[in-house]
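**Student:** Sharing a model that was predicted from the sequence below.
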Amino acid sequence: MTPESARTRLSDHDWWRSAVVYQVYPRSFADANGDGIGDVRGIIDRLDYLADLGVDAIWVSPWYPSPLADGGYDVSDYRDIHPDFGTLADADELIAKAHARGLRVMIDLVPNHCSDEHPWFQKALAAGPGSAERELFWFRDGRGDDSAEPPNNWEALFGGPMWERVTDPEGRPEQWYLHMFDVRQPDWNWDNPAVADEFDSVLRFWFDRGVDGFRVDVADSMAKDPSLPDLPVDPTTGFGTSKNKEPGAPLWDVHPQIEQIHRRWRTVADEYADSELGGRVFVSEAYLDPIERLVSYVEPGRLHTTFNFDHLLCEWTPESQRNVIDASRRTHAAVGAPTTWVLSNHDTPRVATRFGKPETGRTFTADGMLPEHLGREWHHYAGMPVDLELGRRRARAAALLELALPGGCYVYQGDELGLDEVEDLPEDALQDPTWERSGRLIRGRDGCRVPMPWEGEQAPFGFGGDAGEPWLPQPERWAGRTAADQAGDPGSHLNLYRRALAERRANPALGDGDLTWDEDTPADVLSFTREPGFRCVVNFGSTPWEIPAGATVLVHSGDATSGVVGSDEAVWLKV
Ligand code: BGC
């Protein structure tokens, strides 16, 4: 890309309405210094790979200093880079070099909680009960004799109580603090204006360095009902059902505070709108049901985009897929926002594995997700057998479906290589806090975070070296699946992504806009048209669907010369 064309692409203020954003999980992406841990220099070295892939932007999961109690979502300094990953100067270089290639850079904002090593939390511990420092967090006295019971019955997302008791300097038990996630992730008190001011300043710190946007971690969680009421007890856990996100829940999507926080951030981003880089944006991470609640997050003046997790959760059937796509189009259009499609991320099983399981996701009717699926967690999939060949065939078709839908898309690192979930990591390698907090029952999310295989015949596949083994072991079955192997194979997963992304960029029908369903296909074949002259067809059934005479194959997830769309295949046509 010439400097001129890179500049032209970067000056598009509405880039986020159609961008394809590649998620980099920095610990596992690319390891430049061979210590077995990915780093910012590794990302810089792979910018040409990303530009060749054809994405528009990258989103880097947390790269901040952190004791890594939750993979970096426990931030101890919001204005620096973890020493394992490099320095602030490396981050500046990454942003500049990405921009020089026309690639935008988004980073993670973790506003609900910090690390227990954050200096403000350390000061709060030292300052003691009743201090202004403790008002920045949720410190409370316990209940019962000697405050021995937590202040309420909420259960942490990673298991156990949502409260941890601290001790005073003499080691005597003292107050409790709230942590929605790990015990080492104390929640900020957003009712305190100093917290909101601090986050405005963090946003400006990174916007001033040229960052194009933020992915907002648990964007529905920052506000809490200050009365911290007990919740109805779930008999299976004995805790209050705090994972339940019913409207009116005291810790999720609390009104109107959540909305005010979003609008405040939007005002900060909009201050930068006239800069050379154009619009700075937010994508919200929130699992909310029904979709109307989620879409309220992208009303005018609020956040720009929000991950459409219904589509990520959706099973591989034509009915559920069409229902989710239609609900997404209808609800997003009503507020003038584009839909943001996503097939997987660092918290969910790899798509190639999930689509090879006997259950591929959740059932959606025209009215939304079936109620019995609401409480289902990701570890539901862990014990099921998997047919990876089937999963990969579907993952290829799903990629073409996703990239043809109106709006923007996110691609999780490694999905472009068709990587599978590493479900058999040795127990002593597991790092996700869920493993220990669940009493070693739930393995957690490490299986989708295994370092990328770049090259070579055997592990560590170009990741790590003399200075260290990869921080999570890679399976030997990835031999032949490295980026280098796939680059030279026209039929590879990687080259399917490259072809699709190149076509998406060149084809005016793709990106932002709308679609029209074609009703002339059998029930198990989904087909839609986008103007001008584009058709996407996905075959969920077993009977091959014949490509009509006169249509030209642009991209095919299977054999482009076959004249048909086979079972679990998809095609893009020029019509
Ligand atoms: C992130 C997770 C993280 C959690 C707490 C999420 O939704 O994606 O990886 O554990 O927030 O920060």
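**Tutor:** Thanks, I have it.

**Student:** got the end-to-end distance for stretch 160-172?
**Tutor:** 22 Å (C-alpha to C-alpha, to the nearest Å).

**Student:** what does the stretch 1-150 of the chain put close to the ligand?
**Tutor:** Proximity of the stretch 1-150 of the chain to the ligand is confined to 70-71, 73, 110 under the rule C-beta under 6 Å from any ligand atom. Where C-beta positions appear, they are placed from N, C-alpha and C, glycine not excepted.

**Student:** Mind doing that once more with 8 Å?
**Tutor:** 61, 70-71, 73-74, 110, 112-113 (C-beta under 8 Å from any ligand atom).

**Student:** Give the buried residues for the helix or strand containing A500.
**Tutor:** Per DSSP states H and E: A500 is located in helix 493-506. Judged by neighbour count using 16 or more other C-beta atoms under 10 Å, the buried positions of helix 493-506 are 493-494, 496-501, 503-504.

**Student:** I'd like the mean pLDDT over whichever helix or strand comes after it, please.
**Tutor:** Following helix 493-506 in sequence order, the next helix or strand is strand 516-517 (DSSP H and E). Strand 516-517 shows a mean pLDDT of 98.

**Student:** now stretch 568-575
**Tutor:** On average, stretch 568-575 scores 98.

**Student:** pull the CA atoms of it into CSV?
**Tutor:** C-alpha atoms of stretch 568-575 as CSV (Å, rounded to 0.1, in the frame of the first residue of the first chain):
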residue,chain,number,x,y,z
ASP,A,568,-21.9,-27.1,4.6
GLU,A,569,-20.3,-25.0,1.8
ALA,A,570,-20.9,-21.3,0.8
VAL,A,571,-20.3,-19.4,-2.3
TRP,A,572,-20.1,-15.7,-3.4
LEU,A,573,-21.5,-15.1,-6.8
LYS,A,574,-21.6,-12.2,-9.2
VAL,A,575,-25.1,-12.1,-10.6
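
**Student:** Name the residues of it that are buried.
**Tutor:** Buried, per 16+ other C-beta under 10 Å, within stretch 568-575: 568-573.

**Student:** would you turn those residues into a markdown table with distance to the ligand?
**Tutor:** As requested, the buried residues of stretch 568-575 are exported to a markdown table (distance: C-beta to the nearest ligand atom, whole Å):
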| residue | distance to the ligand |
| --- | --- |
| D568 | 29 |
| E569 | 31 |
| A570 | 28 |
| V571 | 33 |
| W572 | 31 |
| L573 | 36 |
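
**Student:** The residue of the stretch 451-575 of the chain found nearest the ligand in helix, strand or coil?
**Tutor:** The minimum distance from the stretch 451-575 of the chain to the ligand, using C-beta to the nearest ligand atom, falls at L472 (14.9 Å). Here L472 takes the coil state, with states given by DSSP: H, G, I helix; E, B strand; the rest coil.

**Student:** doesn't C448 make contact with it?
**Tutor:** No: L472 is not in contact with C448 according to C-beta atoms under 8 Å; the separation is 10.2 Å.

**Student:** Which of these two has more residues huddled nearby?
**Tutor:** The residue with more neighbours, out of L472 and C448, is C448; 28 against 19, by other C-beta atoms under 10 Å.

**Student:** hang on, G54 packs against L501?
**Tutor:** Yes: using C-beta under 8 Å, G54 makes contact with L501 at a distance of 3.1 Å.

**Student:** which neighbours do these two share?
**Tutor:** V20 (C-beta atoms under 8 Å, 6 or more residues apart in numbering).

**Student:** ok, the residue in the chain that the ligand sits nearest to - how many residues close by?
**Tutor:** Residue of the chain nearest the ligand, by C-beta to the nearest ligand atom: Y73 (3.3 Å). Look at Y73: counted by other C-beta under 10 Å, it has 25 neighbours.

**Student:** Is it in contact with M180, as I believe?
**Tutor:** No: between Y73 and M180 there is no contact under C-beta under 8 Å: 11.2 Å.

**Student:** Sort out which residues of the lowest-mean-pLDDT helix or strand in the chain are buried, please.
**Tutor:** Lowest on mean pLDDT, DSSP states H and E among the helices and strands of the chain sits helix 3-10, with a mean of 71. The neighbour-count check on helix 3-10 (16+ other C-beta under 10 Å) flags 6, 9-10 as buried.

**Student:** What of stretch 162-180?
**Tutor:** In stretch 162-180, counting by 16+ other C-beta under 10 Å, buried: 162-166, 174-180.

**Student:** Same check on stretch 11-24?
**Tutor:** 15-24.

**Student:** Between L472 and C448, which contacts overlap?
**Tutor:** Joint contacts of L472 and C448 (C-beta under 8 Å, 6+ apart) are V422.

**Student:** returning to what we had before: whichever of the residues of the stretch 1-150 of the chain next to the ligand end up buried, select them in PyMOL.
**Tutor:** Buried members of these, defined by 16+ other C-beta under 10 Å, are picked up in PyMOL with:
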select buried, resi 61+70+71+73+74+110+112+113
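
**Student:** okay if I get the residues of the stretch 1-150 of the chain next to the ligand as TSV plus secondary structure and pLDDT?
**Tutor:** What follows is these, written out as TSV (DSSP: H, G, I helix; E, B strand; the rest coil; pLDDT from 0 to 100):
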residue	secondary structure	pLDDT
S61	coil	98
D70	coil	97
G71	coil	96
Y73	coil	98
D74	coil	98
V110	coil	98
N112	coil	98
H113	strand	98
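
**Student:** ok, of the residues of the stretch 1-150 of the chain next to the ligand, which one's closest to Q431?
**Tutor:** Taking C-beta to C-beta as the measure, Q431 lies nearest G71 of these, at 7.3 Å.

**Student:** show me what contacts that closest one?
**Tutor:** Residues near G71 by C-beta under 8 Å, 6+ apart: 27, 61-62, 346, 431-432, 449.

**Student:** Go again with 7 Å.
**Tutor:** With C-beta atoms under 7 Å, 6 or more residues apart in numbering as the criterion, no residue contacts G71.

**Student:** How about the backbone phi and psi for it?
**Tutor:** phi 60, psi 30 (degrees, to the nearest 10).

**Student:** what does this structure have sitting close to the ligand?
**Tutor:** 61, 70-71, 73-74, 110, 112-113, 157-158, 180-182, 185, 217-218, 285, 345-347, 433, 445.

**Student:** I would like the C-alpha coordinates for the helix or strand hosting W120, written out in CSV, please.
**Tutor:** Following DSSP H and E, one finds W120 within helix 119-127. Extracted in CSV, the C-alpha atoms of helix 119-127 (Å, rounded to 0.1, in the frame of the first residue of the first chain):
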residue,chain,number,x,y,z
PRO,A,119,-1.7,1.7,43.1
TRP,A,120,-5.2,3.1,43.9
PHE,A,121,-6.3,-0.2,45.2
GLN,A,122,-3.2,-0.6,47.3
LYS,A,123,-3.7,2.9,48.7
ALA,A,124,-7.3,2.0,49.5
LEU,A,125,-6.2,-1.1,51.4
ALA,A,126,-3.7,1.0,53.4
ALA,A,127,-6.1,3.9,54.0
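
**Student:** need the next SSE after that helix, C-terminal direction.
**Tutor:** strand 139-140.

**Student:** Contacts for that next one next, please.
**Tutor:** 129, 151, 175-177.

**Student:** quick check, nearest of the residues you listed to K243?
**Tutor:** P151 (18.3 Å).

**Student:** Give me the nearest residue to the closest one, chain neighbours excluded.
**Tutor:** Leaving aside its chain neighbours, P151 sits nearest to R140 (4.1 Å; criterion: C-beta to C-beta, 6 or more residues apart in numbering).

**Student:** Distance of the one you found relative to S28?
**Tutor:** Noted for R140: a distance of 37 Å to S28, by C-beta to C-beta, to the nearest Å.
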